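A.B. asks: model this:
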Amino acid sequence: MSALLRLLRTGAPAAACLRLGTSAGTGPRRAMALYHTEERGQPCSQNYRLFFKDVTGHYISPFHDIPLKVNSKENLFNMIVEIPRWTNAKMEIATEEPLNPIKQYVKDGKLRYVANIFPYKGYIWNYGTLPQTWEDPREKDKSTNCFGDNDPIDVCEIGSKILSCGEVIHVKILGILALIDEGETDWKLIAINVNDPEASKFHDIDDVEKFKPGYLEATLNWFRLYKVPDGKPENQFAFNGEFKNKAFALEVIKSTHQCWKALLMKKCNGGAINCTNLQISDSPFRCTQEEARSLVELVLSSPNKESNEEEQVWHFLGK
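C.D. replies: Sure, this is the predicted structure:
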């Protein structure tokens, strides 16, 4: 049965599921420039996993094995797309699982979907992360005075194209927002796909307001309100919600990359974070290609019987 047919039979929104990884474990794989993905389990279910392979066909960890920067000379970064724009399923890199596949976040035994808060439908950007970064939960950020959130640093990609879950794209960093999520620093980078038709116009955070007026305000409001439908208070921000510029953002990236290096070299306590990798030569967590293949084979590929249809409910929140 095709991946698309399986999705439609679950009752999941077609538009959302069509933009998930499109390569089944035994079917044709969607090729990307240097990486492609492989599905295990049924999309839109708790057993779904999207694994990554390099250009040679070997399994890798997107968290650890995909380089942070495209090259050493330019400030171009690899972004791993987790959530396509306008979709609701909260997909994320599984930081605590071997090889860190993408999965849908589960809370209280149920798949997590972000609410539609009028006028926003799902996520209002292509949302993802920078590889080889880590916000250390035991290290207090000097600028926010809060500890990290234990995840790679998040990216909001503002280009015109709706991307796919599992895509690895090159982005220009434009600025950053400091969300304080339940007392933790949760940085949100603002970036644009270098292949976007308008990418040449964007160089720093001020260009976003200039060429996409209202987008930064919408971003601030989205992050402020997105947990309110779940009964939680509005989120807070450092710097009174001010977006910091590109130079500031690059320093935050540099800092989180150093934290990741310490994690992979076992120079700090990563807790439950899984550091299994194949390409970090001096890391004590490095494994072989055969070991990586065995880890993937342990993941069940049978369909999940439960139905997880996304609720298309809109929330209207007053200011």
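
A.B. asks: show me where pLDDT drops low in the stretch 201-319 of the chain?
C.D. replies: 300-311, 318-319 (pLDDT under 70).

A.B. asks: hmm, try it at 90
C.D. replies: Counting by pLDDT under 90, the stretch 201-319 of the chain shows low-confidence ranges at 298-314, 317-319.

A.B. asks: show me where it has strands.
C.D. replies: For the stretch 201-319 of the chain, the strands defined by DSSP state E, counting those that start in this stretch cover 236-237, 314-315.

A.B. asks: winner for burial among the ones you listed?
C.D. replies: Across those, the average number of neighbours (mean count of other C-beta atoms under 10 Å) peaks for strand 236-237, which reaches a mean of 18. (C-beta placed from N, C-alpha, C; glycine too.)

A.B. asks: and that strand, what does it pack against?
C.D. replies: strand 168-181, helix 215-225 (3 or more C-beta pairs under 8 Å, 6 or more residues apart in numbering; DSSP states H and E).

A.B. asks: of all the ones you listed, which one is nearest H257?
C.D. replies: strand 168-181 (12.6 Å; C-beta to C-beta).

A.B. asks: following that closest one, which helix or strand comes up?
C.D. replies: Reading on from strand 168-181 to the C-terminus, the next helix or strand found by DSSP states H and E is strand 184-193.

A.B. asks: now the strands of the stretch 201-319 of the chain in CSV, with distance to L99?
C.D. replies: Conversion of the strands of the stretch 201-319 of the chain to CSV gives the following (distance: least, C-beta to C-beta, whole Å):
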stretch, distance to L99
strand 236-237, 34
strand 314-315, 36
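
A.B. asks: nearest to A199, out of the ones you listed?
C.D. replies: Comparing the strands of the stretch 201-319 of the chain by C-beta to C-beta, strand 236-237 comes nearest, at 26.8 Å.

A.B. asks: before we move on, the earlier item: among the strands of the stretch 201-319 of the chain, which is nearest S283?
C.D. replies: Comparing the strands of the stretch 201-319 of the chain under C-beta to C-beta, the one sitting nearest is strand 236-237, at 34.7 Å.

A.B. asks: most tightly packed of the helices and strands packed on strand 236-237?
C.D. replies: strand 168-181 (a mean of 22).

A.B. asks: next, work out how far apart the closest residue to L177 other than its chain neighbours and V171 are.
C.D. replies: Take L177 and drop its neighbours on the chain: the residue closest to it by C-beta to C-beta, 6 or more residues apart in numbering is K188, 4.4 Å away. Separation of K188 from V171 (C-beta to C-beta, to the nearest Å) stands at 13 Å.

A.B. asks: pull out the buried residues from stretch 277-285.
C.D. replies: N277, L278, I280, S283, F285 (16 or more other C-beta atoms under 10 Å).

A.B. asks: got the contact list for that stretch?
C.D. replies: The contact list for stretch 277-285, computed with C-beta atoms under 8 Å, 6 or more residues apart in numbering, reads 58-61, 64-65, 264-266, 275-276, 286-289, 292.

A.B. asks: can you check which residues contact both of K188 and V171?
C.D. replies: Residues touching both K188 and V171 (C-beta under 8 Å, 6+ apart): V155.

A.B. asks: how about the nearest residue to L174 once chain neighbours are set aside, what does it touch?
C.D. replies: Once flanking residues are discounted, L174 sits nearest to I190: 4.8 Å by C-beta to C-beta, 6+ apart. Contacts for I190 (C-beta under 8 Å, 6+ apart) come out as 156, 158, 173-177, 205, 208, 216, 219, 243, 249.

A.B. asks: adding distance to S143, write those residues out as CSV.
C.D. replies: As requested, these are exported to CSV (distance: C-beta to C-beta, whole Å):
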residue, distance to S143
C156, 19
I158, 23
I173, 17
L174, 18
G175, 14
I176, 10
L177, 12
I205, 16
V208, 21
L216, 19
T219, 19
F243, 14
A249, 12
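
A.B. asks: from those residues, which is closest to G166?
C.D. replies: G166 has its nearest neighbour among the contacts of I190 in C156, at 17.6 Å by C-beta to C-beta.

A.B. asks: which residues touch that closest one?
C.D. replies: With C-beta under 8 Å, 6+ apart, C156 has these contacts: W125, N126, Y127, K188, L189, I190, A191, T219.
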